[in-house]
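Asks: Fold the stuff below for me.
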Amino acid sequence: MMKQNKVLITGKKFAKLTLVSVAAFSLNTSIFASEVTSLDVKAVCNVEKNGIDNVLDLATKYNKIAKKEGLEFMRLGMKTSQYISGTQKSIKDGSKTVDILNKKKKKTGTVTTQYAAWRACSFAIGALQQANEAKTTWKLAAPGDGYVY
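Replies: Got it, this is the predicted structure:
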């Protein structure tokens, strides 16, 4: 018969494990936040300088994080992930344009593949930058604060 080892987690051990995991998550988030806020969107999303594949890779990387945080942008009826997939499909097919689709998947217009890649990249990074900026700049609305609502 095999002996079973029981793992007993006391209150102190649990507190230490919780503290370590919270600290690791906070450190990872702060490193990520500083990485995103320091990015120059115009420079890193420049399709002519960096190439469309590199720009799409950046868009994919940051949009994945934005989706996880619930921050994915939607413009002209398309989410950032739709811009990414549409651009990738256009490149694969050799097309020079990406179709703009509404919520019902109906074509409402077209843009160039370069413009779609730039939009995807700038929206993915912009969503994360704005979320990080909002942590320090938001305030509750108050009567007489001078803002017009």
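
Asks: May I ask which helix or strand of the chain has the lowest mean pLDDT?
Replies: helix 11-37 (a mean of 51; mean pLDDT, DSSP states H and E).

Asks: Between the two ends of stretch 104-118, how far is it?
Replies: Terminal residues of stretch 104-118 are spaced 24 Å apart (CA to CA, to the nearest Å).

Asks: buried ones in that stretch?
Replies: Using 16 or more other CB atoms under 10 Å as the test for burial, stretch 104-118 gives 111, 113-114, 116-118. (Glycine included, C-beta is placed from N, CA and C.)

Asks: what's near enough to touch the residue nearest in space to the middle of the chain?
Replies: Centroid check for the chain by CA atoms, centre = their mean gives Ala66 as the closest residue, at 2.6 Å. Contacts of Ala66 were listed using CB atoms under 8 Å, 6 or more residues apart in numbering, and they are 72-73, 80, 124, 127-128.

Asks: Make sure Ala117 is actually in contact with Val55.
Replies: Yes - the pair Ala117 / Val55 is scored as a contact, 4.8 Å apart, by CB atoms under 8 Å.

Asks: shared neighbours, the two?
Replies: With CB under 8 Å, 6+ apart as the test, Ala117 and Val55 both reach 45, 47.
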